[in-house]
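*Asks:* Prediction below, plus the sequence it came from.
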Amino acid sequence: MIIYSHNDCLKKFNGKAHPERKERLESIISSVKSSNLKVKYKEAPLADLETIALVHPKKHIEKIFSNIPKDGIVGVEKEPYADTMLCPNSKNAILRSCGAGIAASNDLMKKNERVFCAVRPPGHHAETMRANGFCFINNIAVSARYLQKKYDVNKIAIIDFDVHHGNGTQEIFYKDHSVAYGSSHEFPLFPGTGAENEKGVGNIFNATLKAGLTGKDFIEIFDQKVLRPIDRFKPEVILISAGFDAHKRDPLANINLESEDFFKITKNIVDLAKIHSEGRVISFLEGGYDLQALSEGIIEHLNGLKPHI
């Protein structure tokens, strides 16, 4: 297994009280290094604007970068969610977070190696023309489009178990028969999208979760409303938006998963990939804001991703 990351992703600063902070990534890398997992570390490259433009118009990305301050931090949104911040070191962090998925796509298709992208900022809230929810570029969407263009992958599934709905990913692929998007998320909760009647062209599968839900019920709902439709879709590659904020310790939501539940969730996805996708999976870090829960959840997730004999 390969892990892509980069020190530039540690340099993005969102403010002292901001939940999306560098300590998230530091805790992940520390936990992995102290575990018995056998991984290869690679530096995430900078994404190029031409590849990003498979999803986001160049003018949109250039406008975001033009707002990067010389010092301090600035928000790119209006109230009530003025929490998607730019700092002087934002550009390289944003480009490397996207570049990790592009490089991971090459490793996946050339070497059939599973990859985890341990990067920040996350991406699944970023819409075609709108940065929001801590996200600027939709990293997983760019990777999907890159796989389609470079490797002629016809059918891609994006499975998202972040506790917040991936409004950006859904918006980007809402009318696209070639990409299926399945999401489990607390509802109602930010960003307010992801109702089960939002079906796209029959390629969108939303599983709404009530506050207080525990692991057993979560896994049952996830299987019925996300994995079974993806099974029928028969994807050639599966991409995962891996958020760990459905953990019971997380401060930004109200779902009560245990750390070990992330192993079960991940293994069920991998089992599906073995049936349809030759086991081809890339996972992208999204949310997760309690450091202990994030560290434990990541180890469970990576154990679920690794090949099992």
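*Replies:* Looks like it came in fine.
*Asks:* Flag the shaky bits of the stretch 51-200 of the chain, pLDDT-wise.
*Replies:* Scanning the stretch 51-200 of the chain with the threshold set as pLDDT under 70 gives 79-81.
*Asks:* Mind jotting down where the helices sit in it?
*Replies:* 58-66, 90-111, 139-151, 167-173 (DSSP state H, counting those that start in this stretch).
*Asks:* export those to CSV and tack on distance to Ala273?
*Replies:* For the C-beta atoms, the positions are set from N, CA and C on the backbone; glycine is no exception. Below are the helices of the stretch 51-200 of the chain laid out as CSV (distance: least, CB to CB, whole Å):
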stretch, distance to Ala273
helix 58-66, 31
helix 90-111, 11
helix 139-151, 14
helix 167-173, 18
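*Asks:* Adding distance to Ile269 and mean neighbour count, write the ones you listed out as CSV.
*Replies:* Putting the helices of the stretch 51-200 of the chain into CSV (distance: least, CB to CB, whole Å; neighbours: other CB atoms under 10 Å) gives the following:
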stretch, distance to Ile269, mean neighbour count
helix 58-66, 30, 14
helix 90-111, 15, 23
helix 139-151, 14, 24
helix 167-173, 16, 25
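*Asks:* Just tell me which of these ends up closest to Val179.
*Replies:* With respect to Val179, and counting by CB to CB, the nearest of the helices of the stretch 51-200 of the chain is helix 167-173 at 4.3 Å.
*Asks:* Please enumerate residues in contact with that closest one?
*Replies:* 55, 123-128, 130, 132-133, 135, 138, 140-141, 144, 158, 160, 179, 181, 183, 191-194, 198, 200, 203-204, 206, 241 (CB atoms under 8 Å, 6 or more residues apart in numbering).
*Asks:* Which of those residues are buried? Put it as a ChimeraX command.
*Replies:* Applying 16 or more other CB atoms under 10 Å to the contacts of helix 167-173, the buried members can be selected in ChimeraX as follows:
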select :55,123,124,125,126,127,130,132,133,135,138,140,141,144,158,160,179,181,183,191,193,194,198,200,203,204,206,241
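*Asks:* returning to that earlier point: who wins for proximity to Asp217 among the helices of the stretch 51-200 of the chain?
*Replies:* That would be helix 167-173 among the helices of the stretch 51-200 of the chain, by CB to CB, at 23.3 Å.
*Asks:* Please save the CA atoms from that closest one in PDB.
*Replies:* Below are the C-alpha coordinates for helix 167-173, written out as PDB (Å, rounded to 0.1, in the frame of the first residue of the first chain):
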ATOM      1  CA  ASN A 167     -22.400  18.300  -2.000                       C
ATOM      2  CA  GLY A 168     -19.500  19.100  -4.400                       C
ATOM      3  CA  THR A 169     -19.000  15.600  -5.600                       C
ATOM      4  CA  GLN A 170     -22.800  15.200  -6.100                       C
ATOM      5  CA  GLU A 171     -23.100  18.500  -8.000                       C
ATOM      6  CA  ILE A 172     -20.200  17.600 -10.400                       C
ATOM      7  CA  PHE A 173     -21.500  14.200 -11.400                       C
END
